[in-house]
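Colleague: How does the following fold in three dimensions:
(one chain, ligands or ions: 1)
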Amino acid sequence: MNSFNRLIVKILPLMPKSFVHLFAGRYIAGEHLDDALAEAGRLNEGRMTVTIDILGENISGLDEAALYRDAFLGVLDRIRDKGIDGNISLKLTQLGLKIDPRACVDNLTEIVDKARSQGNFVRIDMEDSTCTDDTIEICLAMHARYERVGTVIQSYLKRSQADVRMLAARGVSLRICKGIYNESPAIAFKGRDEIRNNFMGLLEILFDTGAFAAIATHDPVLVERSKSLIAARGLDSSRYEFQMLLGVAETLRQGVVDGGHGMRVYIPFGEAWYAYSLRRLQENPSLAAHILKNLVIQG
Ligand code: FDA
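Modeller: Take a look at the predicted model:
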């Protein structure tokens, strides 16, 4: 990261919300579920499925966890009522993992039972490494209750091959991504190629075992390598799908869709858009710099 981008990362939290909103519009469906459903409908028309995420992770109490639980129950109902081809992605810390793991499991169980009654799917997002063991353990317990529950494995973590082998052997659907949190080099690969190679290695394990693979990346190199692997193995489209975040790499996304591969778009919405957008901007400071320069030039 160059020094200008480092400066951007530092000053972003001091900037007005309106600046962050300029950037956020593209990556967030809006503040309300109706916004997310409208986006989902448009994407469905464009031959893409969706997964809906309610923004928010650092909750302060179990009453807040219950609100998120109820909100996700509502999302499932509205997906069904509107005939949306989509499912949900949630974070265990939203449901109280760091406050009371038992309450978190109870909240998740209600959501999973609702999904089961509707034949829908629940994806448990993966958070930082302090959550990995709990997330895997809870996912396995939920998967035993209802098989259409899956989680996410990050290719930057050195432990991931072992985790994928264990989960895939039990038939758990896995989303493979690079990983978004800042982890220590003791447990995480830091080199771009190491992370890419591990990503492909994890996919190969999934393809070997027959577990469903969600290939979550906007990296054109990984998209190409995945497509080649799929073609080389003659994999049926029921075995995998690509996934991308709303508003990111839309040209690449369209190419994948036109190539006849499944594509699921991750749609975040909610009042917590500011924290989410700030994180996106801090990960991608050149984009913030670009907006800033445009503002300065136009202003
Ligand atoms: P890379 O970082 O190389 O990005 C390739 C290009 O895509 C960049 O050059 C940039 O232009 C663009 N880009 C990528 N991410 C962007 C962003 N956020 N905003 C704007 N532009 C962006 N992580 C995690 O730890 N736990 C999880 O549960 C999930 N879940 C998840 C779901 C889905 C559907 C996706 C696509 C990603 C995740 N991630 C995640 C995030 C993932 O771990 C990773 O941080 C990002 O996808 C960025 O890595 P890429 O593989 O896209 O490559």
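Colleague: At the contact with the ligand, which residues of this structure appear?
Modeller: Contact residues, the chain versus the ligand (C-beta under 6 Å from any ligand atom): 125-126, 152, 154, 177-181, 216-219, 222, 243-245, 248-249, 266, 280, 283-284. Using the backbone N, CA and C atoms, a C-beta is placed for each residue, glycine as well.
Colleague: So for the helix or strand where residue 167 lies, mean pLDDT?
Modeller: According to DSSP states H and E, residue 167 maps onto helix 160-169. Mean pLDDT, helix 160-169: 98.
Colleague: list the helices and strands that helix packs on?
Modeller: When contacts are defined as 3 or more C-beta pairs under 8 Å, 6 or more residues apart in numbering; DSSP states H and E, helix 160-169 sits against helix 132-145, strand 149-154, strand 174-177, helix 192-209.
Colleague: Save these as TSV, and put in mean neighbour count and mean pLDDT too.
Modeller: Below are the helices and strands packed on helix 160-169 laid out as TSV (neighbours: other C-beta atoms under 10 Å; pLDDT from 0 to 100):
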stretch	mean neighbour count	mean pLDDT
helix 132-145	18	98
strand 149-154	25	98
strand 174-177	25	98
helix 192-209	18	97
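Colleague: okay if I get the ones you listed as JSON lines plus distance to residue 76?
Modeller: Formatted as JSON lines, the helices and strands packed on helix 160-169 follow (distance: least, C-beta to C-beta, whole Å):
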{"stretch": "helix 132-145", "distance to residue 76": "15"}
{"stretch": "strand 149-154", "distance to residue 76": "13"}
{"stretch": "strand 174-177", "distance to residue 76": "19"}
{"stretch": "helix 192-209", "distance to residue 76": "26"}
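Colleague: picking up where we left off before, can you dump the C-alpha coordinates of the helix holding residue 167 into CSV?
Modeller: Output of helix 160-169 as CSV, limited to C-alpha atoms (Å, rounded to 0.1, in the frame of the first residue of the first chain):
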residue,chain,number,x,y,z
SER,A,160,-8.1,-24.4,6.1
GLN,A,161,-7.1,-27.6,4.2
ALA,A,162,-7.8,-29.7,7.3
ASP,A,163,-11.1,-27.9,7.9
VAL,A,164,-12.3,-28.4,4.4
ARG,A,165,-11.4,-32.0,4.4
MET,A,166,-13.3,-32.6,7.6
LEU,A,167,-16.4,-30.5,6.6
ALA,A,168,-16.5,-31.8,3.0
ALA,A,169,-16.4,-35.4,4.3
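Colleague: okay, now the closest residue to residue 249 other than its chain neighbours: neighbour count?
Modeller: Nearest residue to residue 249, sequence neighbours excluded (C-beta to C-beta, 6 or more residues apart in numbering): residue 218, at 3.8 Å. Counted with other C-beta atoms under 10 Å, the neighbours of residue 218 add up to 16.
Colleague: again, but for residue 103
Modeller: 16.
Colleague: ok, residues contacting the helix or strand encompassing it?
Modeller: Taking DSSP H and E as the criterion, residue 103 maps to helix 101-118. Here helix 101-118 makes contact (C-beta atoms under 8 Å, 6 or more residues apart in numbering) with 62, 65-66, 68-69, 72-73, 76-77, 79-80, 87-88, 90, 92, 95-97, 121-122, 124, 134, 138, 141-142, 145-146, 148-149.
Colleague: Thank you, goodbye.
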